[in-house]
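A.B. asks: Whatever this is, show me its structure:
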Amino acid sequence: MSPEPVFADALRAAITRRGLSLQRLRVHLARHGHDISAATLSYWQSGRSCPKRASSLSALAALEEILGCQPAELSRLVPAAAQVDVGPVYRKNPDSSLSELVEEGKVIDDLVAQLGLSWDDGLERVSMHDCLQLRPDRTESTHVVRESLRAHRDGIDRYPLCFGYEGGVDICIEGMRNVSVGGVSYAKEYELMVAEMVLPRALQSGESILIEYGFDVVGATIPSTNWERGTLGLLRDMHISVQFVPEDVPLFAEWYSEIEGVRSGGPIVLTGASVEHHVHDLATGIVGVRWRW
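C.D. replies: Residues are numbered from 1 along each chain as shown. Alright, predicted model coming up:
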């Protein structure tokens, strides 16, 4: 039997033994600070996918406690090769499948196709800056992204952007500098959005452009405790900035990464009311920051 069905069988048996519906299980997880959709839980117990995102993997201990399992009874069954999270996805190989990398890969690919776009967008991400602003209730308010892009072929004027969110919120995306938003596709049951990002004109090969866009998050009820960014290609500079209310800063913060299968991390000294983390020459993988109130 393959590794994923082993995890699925154990999870399904534990859920049946506990007698919880997937919706009730989701509510219990939310009370533990983990927002996992009922659709994702269904995928896990059916064997269609297994936990891969860092946020999914961090929820396994709570899941075991809620279901009355022994410590690591479920998490030890998750194959190590599956434990990869690419967060917002940028890809160069049009023949590869996101299904091999993230739980909702096929769903994301379908959303991209609905917009008539392809992951083979001909753009290199040179640098990326994420700035998140939190509300007084510790939920996410706005998220501004600044990117430096370089075209690798002539005629590039649009590309797909995938964004995942949690907690049943509404997401509004707006172009702020050198980019506008075309079509948008949602898979709300998976809490995913794919937007068509339209450049002001077609770029020629070797040409660069600096763009800026923002997300407004409406209806968040679960306090934010982490943010991570992933890339499937080389990225020269990445900066993550999380801005807190000055009167309510976290007690502790740390960075973490998984780059080409190698995990690392360490504490972050808070700068005023913000967490800042910068990475140079990032290869395929993820980098994130998390904090504890």
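
A.B. asks: can I assume Ile240 is in contact with Glu276?
C.D. replies: Yes: counting by Cβ atoms under 8 Å, Glu276 is a contact partner of Ile240 at 7.4 Å. Where you see a C-beta, it was placed from the backbone N, CA and C, and this is true even at glycine.

A.B. asks: out of these two, which sits in the more crowded spot?
C.D. replies: Ranked by neighbour count (other Cβ atoms under 10 Å), Ile240 and Glu276 place Ile240 first, with 22 against 18.

A.B. asks: which SS class is Val289?
C.D. replies: Of the three states, Val289 takes strand according to DSSP: H, G, I helix; E, B strand; the rest coil.

A.B. asks: To what extent is Gly33 buried, counted in neighbours?
C.D. replies: Per other Cβ under 10 Å, the neighbour tally for Gly33 reads 13.

A.B. asks: Quick check: it vs Trp293, distance?
C.D. replies: To Trp293, Gly33 is 10 Å away according to Cβ to Cβ, to the nearest Å.

A.B. asks: where do the contact lists of the two overlap?
C.D. replies: Pro223, Thr225 (Cβ atoms under 8 Å, 6 or more residues apart in numbering).

A.B. asks: Mind checking what helix or strand follows the helix or strand of the chain with the lowest mean pLDDT in sequence?
C.D. replies: Taking mean pLDDT, DSSP states H and E as the measure, the chain has helix 54-58 as its least confident helix or strand, at a mean of 73. Toward the C-terminal end, the helix or strand that comes next after helix 54-58 (DSSP states H and E) is helix 60-66.

A.B. asks: Which positions within that following helix qualify as buried?
C.D. replies: Leu60, Ala61, Ala62, Leu63, Glu64, Ile66 (16 or more other Cβ atoms under 10 Å).

A.B. asks: just the helices in this structure please.
C.D. replies: 3-18, 22-31, 38-46, 54-58, 60-66, 105-114 (DSSP state H).

A.B. asks: looking at those helices, which has the lowest confidence?
C.D. replies: The weakest mean pLDDT among the helices of the chain belongs to helix 54-58, with a mean of 73.

A.B. asks: Could you point out which residue ranges in the stretch 101-250 of the chain have low pLDDT?
C.D. replies: 101-104, 165-168, 232-233 (pLDDT under 70).

A.B. asks: 50 instead?
C.D. replies: 101 (pLDDT under 50).

A.B. asks: What ranges does it have for its strands?
C.D. replies: Secondary structure of the stretch 101-250 of the chain (DSSP state E, counting those that start in this stretch): strands at 123-134, 140-151, 156-164, 170-177, 180-187, 192-203, 208-218, 226-231, 235-243.

A.B. asks: Pairing partners for the shortest one, with directions?
C.D. replies: I take that to be strand 226-231. strand 285-292 (antiparallel) (DSSP bridges).
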